[in-house]
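*Asks:* Build me a model:
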Amino acid sequence: MKSMPRPRRDQSGAMLLEALIAILIFSLGILAIIGLQAQSIRNSAEAKYRSDAAYLANQLVGRMWTDRANLDSYAHRPTGTTVCSPTGAAAGTSTAVGRWVASFTTTGTALDAKKQILLPGATVNNQQVIVGAVVNNTRTVFIRICWNSPTGQHNYDVRTVINV
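*Replies:* Here you go, the predicted structure:
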């Protein structure tokens with residue numbers, strides 16, 4: 001006895017269902033790629049801020065190396081243990097460090113007109129420069145640069161030794 005072919009009515013709509021499932025899977029893949037792209041853009045912006053902070057810290061260290069006789073004048077809010085909330089006297093805006101700090105905060109003007117660097121949420125009062133005492137003809141300098149970005153509060157720390 002021959003088996004009878006199934007009527008087409010039993011499978012009507014199966015191809016449409018398969019197409020809808022394929023579109024759903026494809027859409028989820030596209031959404032995942034868009035999410036990865038957004039995260040990549042955020043990470044790129046954060047890397048730029050860290051790079052700018054490193055540039056700014058090295059800029060100040062270079063100034064300190066050329067002005068070793070006046071290292072004490074570079075102290076800016078040198079006390080306090082809370083990260084990005086230092087205490088102590090702030091450097092005046094007429095001093096080298098005062099102008100340096102003002103140059104990258106939201107209200108500052110660039111020291112170098114060719115390259116304006118602004119760290120988001122950076123204020124004069126949350127930056128810190130500590131100049132240590134003379135030990136074996138050297139001084140330890142600590143610089144902390146703080147800023148707020150959309151992903152939270154960040155800081156970049158540099159510690160170096162300068163011969164006096």
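*Asks:* helices or strands next to the helix or strand bottoming out on mean pLDDT in the chain in the packing?
*Replies:* Every helix and strand of the chain was ranked by mean pLDDT, DSSP states H and E. The lowest is helix 96-104, at a mean of 83. Applying 3 or more CB pairs under 8 Å, 6 or more residues apart in numbering; DSSP states H and E, one finds that helix 96-104 contacts helix 14-66. Quick note: C-beta positions are derived from backbone N, CA and C, even for glycine.
*Asks:* what is the rounded mean pLDDT of the helix it packs on?
*Replies:* When pLDDT is averaged along helix 14-66, the result is 93.
*Asks:* Who are the packing partners of that helix?
*Replies:* helix 96-104, strand 138-149, strand 152-163.
*Asks:* Export the ones you listed to CSV and append columns for distance to residue 63 and mean neighbour count.
*Replies:* Shown next, in CSV, are those (distance: least, CB to CB, whole Å; neighbours: other CB atoms under 10 Å):
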stretch, distance to residue 63, mean neighbour count
helix 96-104, 6, 20
strand 138-149, 11, 19
strand 152-163, 11, 14
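*Asks:* Now find how far off-centre the least confident helix or strand of the chain is within its chain.
*Replies:* 19 Å (CA atoms, centre = their mean, to the nearest Å).
*Asks:* what's next to it, contact-wise?
*Replies:* By CB atoms under 8 Å, 6 or more residues apart in numbering, the surrounding residues in contact with helix 96-104 are 52, 56, 59-60, 63, 67, 73-76, 90-93, 108-111, 117-119, 122, 124, 127, 129, 145.
*Asks:* Narrow these to those in strands?
*Replies:* 129, 145 (DSSP state E).
*Asks:* What confidence value was assigned to residue 93?
*Replies:* 66.
*Asks:* What average pLDDT does stretch 125-142 get?
*Replies:* 92.
*Asks:* hmm, who's touching that stretch?
*Replies:* 60-61, 64, 71-72, 74-78, 80, 84-86, 90-91, 97, 101, 105, 143-146, 157-164.
*Asks:* Thanks again, I'm all set now.
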